[in-house]
Structures are given as C-alpha cells and as structure tokens.
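> Give me a 3D structure for the following:
(one chain, ligands or ions: 1)
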Amino acid sequence: MTIRDLYQDGQLGLSIEVFPPKTLQGDSALEATIACLSQYRPTFISCTYGAGGSTRDRTLEICRSILNRHQIMPTAHFTCVGSTREELLDWLNRAYDAGIRNIMALRGDPPQGQESFQAVEGGLKFANELVSLIRETKPDMGIGVAGYPEVHQEAPDAQTDLDNLKRKVDAGADAVYTQLFFNNACFLDFRDRCQQVGISIPIIPGIMPITEFARIKRITSMCGTTLPNNLVKKLEAVQDDKQAQYEIGVAHAIDQCTTLQAAGVPGIHFYALNRSNACEQILQAIGFSPNNADCA
Ligand SMILES: Cc1cc2nc3c(=O)[nH]c(=O)nc-3n(C[C@H](O)[C@H](O)[C@H](O)COP(=O)(O)OP(=O)(O)OC[C@H]3O[C@@H](n4cnc5c(N)ncnc54)[C@H](O)[C@@H]3O)c2cc1C
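Next comes the predicted model:
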C-alpha cells in the first residue's frame, strides 16, 4: 500500500511526522514516541530529511525501523538540496531497496548561511522536478508534496504559488500535505482555491500542537505561519506557566481537528516533534483509541 491508495475508505487517515534526533537521549524519546503513537494505527509515520540533506542515512534508518520494528508504513522525506540527479537517484534506490514505498518530495530550504536556494550543478531546482524523477524511475511509489495555505515565503503571490503546486500534482503527486497552520479559515480557503485550479488529489491539513509558546514563536517565524491574535493573547497571559501553555495549545489543536473533520478532510498530518503526549490527547479527543491501553 502507498499514499496513492489512502484516503479512499471514508476513514480519517492519520499520519505522524517525526525528525531524526541529534542525541542518544533524543533517539530513546523518538523510539518511545513511535512505539506509543503506533498504537493509534496511523496510516503512515514520516521522517524528515534534515536541512541540507544532513540526515540522508538517518532518515532511511528511521524509516526502516518504522517499517520493520513497528510494522507501520513509513514515508521518507526527500529534498533536492545539495545533490546531483545521480545522487538523488542513488538515495532513491536505497530507499526502495529498504522497502520504503512513499516519498514526501520537497525542494528543501537553503542550507544555513545561504540566502536563497541554489541547485547544485546537475541537480534539481524545484520539487516538481523531483516528483517527475520519482514518477519516471519508481512508478509504484506513493508521492506526497508540500502545500502552503498561507503561501510559500518565496512565492510572489498566492496564485503563482498555487500554479506551482499544480505543477507538482501534474508531475504525479498523490496527496498534498500542508504547512502547519493555526487558523482553519486559511486551510479551507486554500482547499477551495486548489479545487478551482483543478487539484483533485487529497489535501491533508498539517497540525502542530503548541506545547511551548517560545518554541512555536520560533517555528512560525521560520516557516511563515501566522499565530491568530486571540491565541497569542491567551498564550501571552501565561508567559511563565509552561503547563498552561501546553493546555491552551492542545485545546486549540483539538478545536482545529474537530472543525476540520466536520469540514470533511480525508486525513490529518501531525507534526509530533518527537513527543507523544500532546498528539495522544488530541487523538483521543477526536475519537481514536490505542490498541494497547497501557499507552494511554
Ligand atoms: C509537509 C512538509 C514537510 C516538509 N519536510 C521537510 C523536510 O523533511 N526537510 C526539509 O528540508 N524541508 C521540509 N519542508 C520544508 C520545505 O522544504 C520548504 O518549505 C521549502 O522552502 C520548499 O519546499 P517545496 O517542496 O514546497 O518547494 P517547491 O514546491 O519547489 O516550491 C519552492 C518555491 O518555488 C516556487 N516554485 C515551485 N516551482 C516553481 C517553478 N517551476 N518555477 C518557479 N517557481 C517555482 C514555489 O511557489 C515556492 O515559492 C517540509 C514542508 C512541508 C509543508
């Protein structure tokens, strides 16, 4: 089964995104998170591809563990950054040989210290080219791509960004996973605009539970997501109380997911940040229960 076969049974498809940790302690936390969230039967767990391609091997290793140890379908994120076409093909072959059948195909951000994205000589410039490369060489792989309800930071305007998303879909993407957002109206408007330009593949909202105000301010400033004023006010009122920030964040995510479910989204993609607590609370609130009650 691949991403291509998902979202057709009317059930809410759950996917969880994790990243390769940098420490041994982080490795244990990730392992515990995957073990716990696997109990909620996600359709897949995806692992990011570090900035500048810095986690090429780790991404594969974690995806292999998701598949072999936890029997959950993995999705490997993959970017064009710093690689020639041949190097991209080599990594793709290794992913395929490891049993990975889903790729989140991305351009990637410029490496630190570089202002704008520059393709290496013999490399790819945009994610639509990566989608084409995967489609041509591994036609049976499922392909997810990124979409931006609040418009990608480098795009000159919303329509151009949408035309570029359409290019990825026309190249063979199977589903769109959105950048995190906190205002559902942005997502619903984006979904309408996608329909208007003929994008008919599933569009899956990306939800990141806020667990710490300072951290979410950092993340949103990097990716261009807006924090709604009413949410900022609530969080500012509990600046010194991390537990209260966590509770506000989880309650907001539950509200978002409930409204999105009612609006008929086929799935939800959780940016879990390698922690299970917040996701578990949200999943239980929206009707998922774990296989193993010890996890809850
Ligand atoms: C779900 C999700 C997962 C992610 N995972 C990772 C990850 O694992 N690792 C990582 O490094 N980053 C990740 N990112 C971040 C992503 O790499 C950045 O947002 C990056 O800046 C853009 O990637 P993209 O695939 O959207 O690029 P593209 O779709 O190529 O778009 C990049 C910019 O170029 C424009 N554009 C696209 N095609 C064309 C064209 N043909 N001509 C002119 N302009 C064009 C677009 O409008 C946009 O402004 C993820 C983002 C999301 C939403």
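> Please give the number of neighbouring residues around the residue lying closest to Ile248 once chain neighbours are set aside.
Setting aside the residues directly before and after it, Ile248 is nearest to Lys234 in space (C-beta to C-beta, 6 or more residues apart in numbering), at 5.2 Å. Any C-beta I mention is one placed from the backbone N, CA and C, and that applies to glycine too. A total of 17 residues lie near Lys234 under the criterion other C-beta atoms under 10 Å.
> quick one, phi/psi of Lys234?
Here is the backbone geometry of Lys234 (degrees, to the nearest 10): phi -60, psi -40.
> Model confidence score at it, please.
On the pLDDT scale, Lys234 is placed at 98.
> so how far is Asp255 from it?
For Lys234, the distance to Asp255 equals 12 Å [C-beta to C-beta, to the nearest Å].
> same check, this time on Ala173
Using C-beta to C-beta, which is the criterion applied here, Ala173 is 29 Å from Asp255.
> Those two: who's more crowded?
Remark: of Ala173 and Asp255, Ala173 carries more neighbours, 30 against 13, as counted by other C-beta under 10 Å.
> Report the contact partners of the nearest residue to Leu67 once chain neighbours are set aside.
Spatially, and ignoring its direct neighbours in sequence, Leu67 is nearest to Pro74 (5.0 Å; C-beta to C-beta, 6+ apart). Applying C-beta atoms under 8 Å, 6 or more residues apart in numbering, one finds that Pro74 lies in contact with 44-47, 62-64, 66-67, 100, 102.
> Looking at the residues you listed, which are in helices?
Helix and strand membership here follows DSSP state H; of the contacts of Pro74, those in helices are 62-64, 66-67.
> Run the chain-centre distance for the helix or strand where Leu89 lies.
In this structure, Leu89 sits in helix 85-97 according to DSSP states H and E. Taking C-alpha atoms, centre = their mean, to the nearest Å, one finds helix 85-97 lying 21 Å from the centre of the chain it belongs to.
> go on, stretch 217-229?
Between the mean C-alpha position of stretch 217-229 and that of its chain there is a distance of 16 Å (C-alpha atoms, centre = their mean).
> before we move on, what about stretch 124-138?
Relative to where its chain is centred, stretch 124-138 has its mean C-alpha point 18 Å off (C-alpha atoms, centre = their mean).
> I'd like the numbering to begin with 810 instead of 1 from here.
I'll keep to 810 as the first residue from here, and by that count the last item is stretch 933-947.
> pLDDT on that stretch, on average?
Along stretch 933-947, the predicted local confidence has a mean pLDDT of 98.
> Just the residues contacting that stretch, thanks.
Taking C-beta under 8 Å, 6+ apart as the criterion, the residues outside stretch 933-947 that touch it are 887-889, 894, 897-898, 901, 905, 912, 914-916, 926, 928, 950, 952, 954-955, 973, 976-977, 979-982.
> Okay, strands next: where are they in the stretch 910-1059 of the chain?
Remark: strands of the stretch 910-1059 of the chain, listed N- to C-terminal, are 911-915, 951-956, 984-989, 1012-1016; assignment by DSSP state E, counting those that start in this stretch.
> So which elements touch the second one?
Right, the one you point to is strand 951-956. Here strand 951-956 is seen to pack against strand 911-915, helix 936-946, helix 967-979, strand 984-989 when contacts are counted using 3 or more C-beta pairs under 8 Å, 6 or more residues apart in numbering; DSSP states H and E.
> Mind listing the strands the first one pairs with, and their directions?
When sheet partners are counted by DSSP bridges, strand 911-915 sits next to strand 883-888 (parallel), strand 951-956 (parallel).
> Please put the alpha-carbon coordinates of the first one into PDB.
Think strand 883-888. Coordinates of the C-alpha atoms in strand 883-888 are reproduced here as PDB (Å, rounded to 0.1, in the frame of the first residue of the first chain):
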ATOM      1  CA  PRO A 883       7.000   4.700   6.500                       C
ATOM      2  CA  THR A 884       7.200   7.800   4.400                       C
ATOM      3  CA  ALA A 885      10.700   9.200   3.800                       C
ATOM      4  CA  HIS A 886      11.000  12.900   3.200                       C
ATOM      5  CA  PHE A 887      13.500  13.800   0.500                       C
ATOM      6  CA  THR A 888      14.800  17.100  -0.800                       C
END
